[in-house]
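Chemist: quick one: sequence and predicted model below, then my questions.
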Amino acid sequence: MCRNAIGHNCSHSYTYAQAPRENTPYNLYHGTLEVEPLTTSTSRITYTLFFDNSMLADDAAREADLKNRRTRFTASLQNMKILAEGGKMPPPTASIGPRPGAATPAAYISPNPHYISIPMEIQINAPVDKVWARVDKYCDIGEWGFPGCTITSGKDGDFGAVRTIGNEVLVGKTKYSYVYTQPLRSSGGYIMYHGTLEARALTPTTTQLYYTLVYDNSNLADDAAREAELARRRNTFTGMLQNMKILSEGGTLPPGAVRAPGRPIGQPAARPN
């Protein structure tokens, strides 16, 4: 299903995010659009929005905001249905653009981002359902990646679940994938870091497992620094894929396959992101 974007981009789904702006509350807004086959001639389109509405005034404001978003995106789904079934869109009822008198949006925290993706993959000799059942829990990363993972908020596997590894928030998911990001902090830069883990069936007995990182590396000093960091991340997460392959095929991880907290695979000391 997935490869990359700001979040993920799958063969039948994608997840997107909005970048934070200066001096503006950030609601961690993400959207996921997915198409699932129901039969050989029918499909289901699912559009899921995820965001933090804690900055709204009260429950009434939150309910009104939710209702407004649901109405707008349900209409978008209806438009997609018309187009996918070969129909034509009716004339627009209103122009799209800024509201008269609307304030100019604040500048982005990262005004000149340089987004990159690191796609990694490995083939596993096991069916996709078996593979995904072995690695799909949000804190399974504690077994094959960074030890000591616990869920600090929400429920493992649900939208909004937060794990101790990087304080990462689950912001997108499909049947065989999930997407996570790290929250904006009150100080320091923000690199829009996202990770996607996805399993895709190759045959009834083999699976391709993908791990894709997407982030903005414009904060690094030069191309040499960017290449060094990319190599470090690729080495770390390729090791994790190898660990997942061993576990999914029924094996046991060798000693040292998972490093102590703050000690990613292939690095003497680094942050787990």
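Modeler: Thanks, I have it.

Chemist: could you find the residue nearest the spatial middle of the protein?
Modeler: residue 179 (2.4 Å; C-alpha atoms, centre = their mean).

Chemist: wait, a helix at that one?
Modeler: No: counting by DSSP: H, G, I helix; E, B strand; the rest coil, residue 179 falls outside a helix, being strand.

Chemist: in the stretch 1-150 of the chain, which spans are helices?
Modeler: Counting by DSSP state H, counting those that start in this stretch, the stretch 1-150 of the chain has helices at residues 59-84, 128-135, 141-144.

Chemist: for the longest one, packing partners?
Modeler: This means helix 59-84. With contacts defined as 3 or more C-beta pairs under 8 Å, 6 or more residues apart in numbering; DSSP states H and E, helix 59-84 has these neighbours: strand 43-50. Every C-beta, even on glycine, is put in place using the N, C-alpha and C of the backbone.

Chemist: what sits opposite residue 17 in the beta ladder?
Modeler: residue 30 (DSSP bridges).

Chemist: excluding sequence neighbours, find me the nearest residue to residue 13.
Modeler: residue 34 (3.6 Å; C-beta to C-beta, 6 or more residues apart in numbering).

Chemist: which residues does that neighbour form a beta bridge with?
Modeler: Beta-bridge partners, per DSSP bridges, of residue 34: residue 13, residue 46.

Chemist: surely it meets residue 77?
Modeler: No: counting by C-beta atoms under 8 Å, residue 34 does not reach residue 77; the two are 11.5 Å apart.

Chemist: still on that earlier bit, please identify the deepest-packed of the helices of the stretch 1-150 of the chain.
Modeler: helix 141-144 (a mean of 21; mean count of other C-beta atoms under 10 Å).

Chemist: paired strands for whichever helix or strand comes after that one, with orientation please.
Modeler: The helix or strand immediately downstream of helix 141-144 is strand 151-153, counting by DSSP states H and E. Its sheet considered, strand 151-153 pairs with strand 162-163 (antiparallel) by DSSP bridges.

Chemist: and the average pLDDT for the strand it pairs with is what?
Modeler: Mean pLDDT, strand 162-163: 97.

Chemist: which element follows that strand toward the C-terminus?
Modeler: With DSSP H and E, the next secondary element past strand 162-163 is strand 168-174.

Chemist: any stretches of the stretch 1-150 of the chain with poor pLDDT?
Modeler: 1-11, 94-101 (pLDDT under 70).
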